[in-house]
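>>> what follows is a protein structure lacking sequence information:
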């Protein structure tokens, strides 16, 4: 991890087991079958499975001296980030985001962290 960054990670397995990682400390916790279904429905509601993998990249377009158009992708590696992953035996979807976060996803992540803290 890059100095100055804060990593939060949630790994949710379809079988109800999960791992929360905050500042390098992992904490396992369990979901009931009903809670897993509700969580998956929450993911579908915010279109989690359609989200891009990274939100820590800023894209721009510029004009070169020769008149051609160029593109640039700036990855902010030292920014604080959160990663949330949902996995099944044959499928895994992860989204990594920082300050340019999708707010619906951040609200869901905070609810998961709050539940794990109980």
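Thanks, I have it. On a predicted model such as this, the values are computed, not experimentally measured, just so you know.
>>> which positions within the top helix by length along the chain qualify as buried?
Counting by DSSP state H, the longest helix found in the chain is helix 103-117. By neighbour count on 16 or more other C-beta atoms under 10 Å, the buried set for helix 103-117 is 105, 108, 109, 112, 116. Yep, even glycine has a C-beta here, placed from its N, CA and C like the rest.
>>> surely the last one meets residue 20?
In this case it means residue 116. Yes: contact criterion C-beta atoms under 8 Å: residue 116 and residue 20 qualify, at 4.6 Å.
>>> what touches both of those two?
27, 29 (C-beta atoms under 8 Å, 6 or more residues apart in numbering).
>>> circling back: and the contacts of the longest helix of the chain?
8, 10, 12, 18, 20, 22, 27, 29, 39, 42-43, 45-46, 48, 51, 82, 84, 95, 97.
>>> what do you get for stretch 81-89?
With contacts defined as C-beta under 8 Å, 6+ apart, stretch 81-89 is touched by 5-14, 40, 43, 48, 56, 92-98, 101, 105-106, 108-109, 112.
>>> if we use 7 Å, what do you get?
Contacts to stretch 81-89, defined as C-beta atoms under 7 Å, 6 or more residues apart in numbering, come from residues 5, 7-14, 43, 56, 92-98, 105, 109.
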